[in-house]
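>>> Generate a structure from the sequence data that follows.
(chains A and B)
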Amino acid sequence: MNDSALIRALLLFFPVFPLMGNVVILAVKYALRRDISTAVIVAVVLTQLAAGAALIAAFVDYQGVYVTAISEWDYSIVFAFDAGKTYFLAAYLTPLLFTLFRLHLFSTPYVRMVLLFYMAGCSGLLVTGDVFTFYVFYEVMIMAAYVLIGIKGKYYASIKYMIIGASSSALFLGGVILLYASGSYFGFSFVGQVATLSEHNMHLVLLLFSTAFFVKGAFFPVSSWVSTCHTATNSLISAFLSAFTIFTGIYGLYYLVLQPAELLGFTGIFDFLRILSVTTMLLPALFLFFEPHLKRVIAGTTVFTIGFIGLMLSYRMYDVAFAYIVVHGLYKCLLFLLYDHLDYDESRQDDLRVAGSWRALAISGLGVLFTTGFYPALTYVLKYQFVGAHGGYRLVVYVSMFLVLGAFFKFRYQVVKKKENPLFYLTFLTVFGVYYLTFPYVLRWPGISVLTDLAILAGAVFLARPLYYRLSRLSRLDTRFVFRNLNYELLYIVLLFFAEMVFLQMVVFG
Amino acid sequence: MTLVILFVGLYGLIVCDNLIRKIMSLSVVQGIVVMSFLTSGYRANAAAPILSVPESIFVDPIPQALMLTAIVIGVCFNTLALVFVVKYHQHHGTIEISQIHER
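The predicted model follows:
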């Protein structure tokens, strides 16, 4: 890399900008008795956008891993970056950009400071190159997220997220201990040393890491917290959680589980991921179909996407999976932020009705279609890239698509007059344009597959509402059907761990 | 012994209906994880890792340094969780999971 000093500075300071912002806010508050938190957030967001864009430009075609340590000590904090991380960075920058349009949602300077802590955690997670710093930055991010989820008074959502998050962190820390006890150091590049370490211990490390990331990434059966926690807060934080935070589970899974498993020849973990991903695509999508609250439906689609991405990862289609994460992040921001422009009547559960301006409804509709992979969205190309290579999953993809689309089309939509900010829509269009330039693909006639998608869409538009009302009378199969309360979800974490352990034992030892 | 304490913590985490007991159980699980890491650095008859002490054998300082961070994170978690539980109780008058309706 030619500009090594600049890249090193960018990596080291990327997570520091938001923390410096907090220091400035506090200094000015106590020295001059003035609140400059809004201006500081704008400055930090713009700085991070510029730094992020520079990192993406520098690393998008970079081969290998750029590693830099803070000191020369063996156990120094290590920062690392590679081409794979640029996708996750893009997924973080998307909701960050929309922060500029939603600052009014953060009413006090203290909440804005918590947002800056959240941003510091996210940024640190992206640039970290060692396992323990990963844990620390993850906790910084998630602690701030706990507070941000509780700002609208839905404290139980926060508590639930905390308990499930801390349980998965305990599993992760267990893996870190075993990694250290096995004689490894903490760098992400323990992957490179993996062949020299005790194979039995490494299997256990990967088992602990993978269960932790399955929980953090909301794979079924530990996925119901998503709709509770991602909807309890304001739309910007919901967008951050759905577009980036949840995908840190995938990020960890890729760097700390799948890469070492590949080096070890430990392919059983890919098989388990495959089974788990198919279940994550189908069952949560079924529960989503019966979900009567629009915002929970929007949050729930993330779980379907997680399943689809997990399936791609299990077949080692990493670039396709990561590109899907980036584009999904944009559509999820679109849906959550437009939710503010829609009127949803929670009191009339017998007549699920959503009202909004024609512009908000039309763009929401596009967001729904693009999330599930309709032509001409990039998700369409990515979806058929996977289905083309693994045709056996065609039915799984179509059924889950129908359920997800049905979950949206069971609502009745109504156009009303509303005053809106055109700049907001203009920004979306610009980001769409940037994405198409970043991931250039040929917009040619897509062939017969687009007709299949249209048939599924037509089925969802015409059948979802009557089907929903008819089946709801028989049995309400929303998330409460399986996840009666928090105790069940915690039990599922333990069951998931043992199920994976038994599966891997069967695969490894025949 | 470690396994016994771990299972006690897990049992409380899954079975307890009361949110405060659940958070305490989670602390037990976190505590035992930290304990395990610290014992991994243990060496018999070794001194504390302070370089000014004229001893040739020290215990491994890495787990101690790292687990300090993990303990701080654990304390933050407990504090924040208990604050939210108290707030929830003030608003809804219960902290029993079976009585909590999520919607």
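
>>> mind checking pLDDT for residue 38?
By default, I'm working from chain A. As predicted, A:Thr38 sits at a pLDDT of 90.

>>> oops, chain B please
If you check B:Leu38, the pLDDT there is 77.

>>> can you count the residues close to it?
Residue neighbour count, defined by other CB atoms under 10 Å in any protein chain shown, stands at 15 for B:Leu38. Where C-beta positions appear, they are placed from N, C-alpha and C, glycine not excepted.

>>> can you pull the buried residues of the helix or strand it falls within?
Counting by DSSP states H and E, the element that carries B:Leu38 is helix B:19-40. Buried residues in helix B:19-40, counted by 16 or more other CB atoms under 10 Å in any protein chain shown: B:19, B:22-37, B:40.

>>> same deal with stretch A:10-17?
Of the residues in stretch A:10-17, those buried by neighbour count under the rule 16+ other CB under 10 Å are A:10-11, A:13-15, A:17.

>>> Sketch out the low-pLDDT regions of chain A for me.
Within chain A, the stretches with pLDDT under 70 are A:1-3, A:74-75, A:183-197, A:346-350, A:420, A:438-446, A:473-484, A:508-510.

>>> Run through the residues of chain B sitting next to chain A.
Listed as neighbours of chain A in chain B under the rule CB under 8 Å from any CB of the partner chain: B:10, B:13-15, B:17, B:19, B:22-23, B:26, B:29-30, B:33-34, B:36-37, B:40, B:62-63, B:66, B:69-70, B:73, B:76-77, B:80-81, B:84-85, B:87-88, B:91, B:97-98, B:100, B:102-103.

>>> okay, now the closest residue to A:Leu311 other than its chain neighbours: neighbour count?
Using CB to CB, 6 or more residues apart in numbering or on different chains and skipping residues adjacent in sequence, the residue nearest A:Leu311 is A:Ser277, 4.0 Å away. Residues contacting A:Ser277 under the criterion other CB under 10 Å number 24.

>>> Which strands and helices lie in contact with the helix holding B:Leu38?
Packed against helix B:19-40 by the contact rule (3 or more CB pairs under 8 Å, 6 or more residues apart in numbering or on different chains; DSSP states H and E) you find helix A:155-181, helix B:2-15, helix B:61-92.

>>> So which of those helices is nearest A:Glu262?
Shortest distance between A:Glu262 and these, using CB to CB, is found for helix A:155-181: 17.0 Å.

>>> and the closest one with chain B, contact?
Yes: applying CB under 8 Å from any CB, one finds helix A:155-181 touching chain B at A:155-160, A:162-163, A:166-167, A:170, A:173-174, A:176-177, A:180-181.

>>> Weed out the non-buried ones from those residues.
The neighbour count (16+ other CB under 10 Å) marks A:155-160, A:162-163, A:166-167, A:170, A:173-174, A:176-177, A:180-181 as buried among those.

>>> show me the contacts for residue 45.
As the question left the chain open, I've gone with chain A. Shown here is A:Val45, whose contacts under the criterion CB atoms under 8 Å, 6 or more residues apart in numbering or on different chains are A:96-97, A:99-100.

>>> Let me rephrase: I mean chain B.
Applying CB under 8 Å, 6+ apart, we find B:Asn45 in contact with B:Ile57.

>>> export the helix or strand A:Leu491 falls within as PDB, just CAs?
Under DSSP H and E, the secondary-structure element containing A:Leu491 is helix A:486-509. These are the backbone C-alpha positions of helix A:486-509, laid out as PDB (Å, rounded to 0.1, in the frame of the first residue of the first chain):
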ATOM      1  CA  LEU A 486     -37.500 -14.600  27.700                       C
ATOM      2  CA  ASN A 487     -36.900 -17.900  29.500                       C
ATOM      3  CA  TYR A 488     -37.700 -19.800  26.300                       C
ATOM      4  CA  GLU A 489     -35.300 -17.700  24.300                       C
ATOM      5  CA  LEU A 490     -32.500 -18.300  26.800                       C
ATOM      6  CA  LEU A 491     -33.300 -22.000  26.800                       C
ATOM      7  CA  TYR A 492     -33.000 -22.000  23.000                       C
ATOM      8  CA  ILE A 493     -29.500 -20.500  23.200                       C
ATOM      9  CA  VAL A 494     -28.400 -23.500  25.300                       C
ATOM     10  CA  LEU A 495     -30.200 -25.900  23.000                       C
ATOM     11  CA  LEU A 496     -28.600 -24.400  20.000                       C
ATOM     12  CA  PHE A 497     -25.200 -24.800  21.500                       C
ATOM     13  CA  PHE A 498     -25.800 -28.500  22.300                       C
ATOM     14  CA  ALA A 499     -27.500 -29.100  18.900                       C
ATOM     15  CA  GLU A 500     -24.400 -27.800  17.100                       C
ATOM     16  CA  MET A 501     -22.100 -29.700  19.400                       C
ATOM     17  CA  VAL A 502     -24.000 -33.000  18.700                       C
ATOM     18  CA  PHE A 503     -24.100 -32.300  15.000                       C
ATOM     19  CA  LEU A 504     -20.400 -31.500  14.800                       C
ATOM     20  CA  GLN A 505     -19.500 -34.600  16.800                       C
ATOM     21  CA  MET A 506     -21.600 -36.700  14.400                       C
ATOM     22  CA  VAL A 507     -19.900 -35.100  11.400                       C
ATOM     23  CA  VAL A 508     -16.400 -35.200  12.800                       C
ATOM     24  CA  PHE A 509     -16.500 -38.700  14.300                       C
END
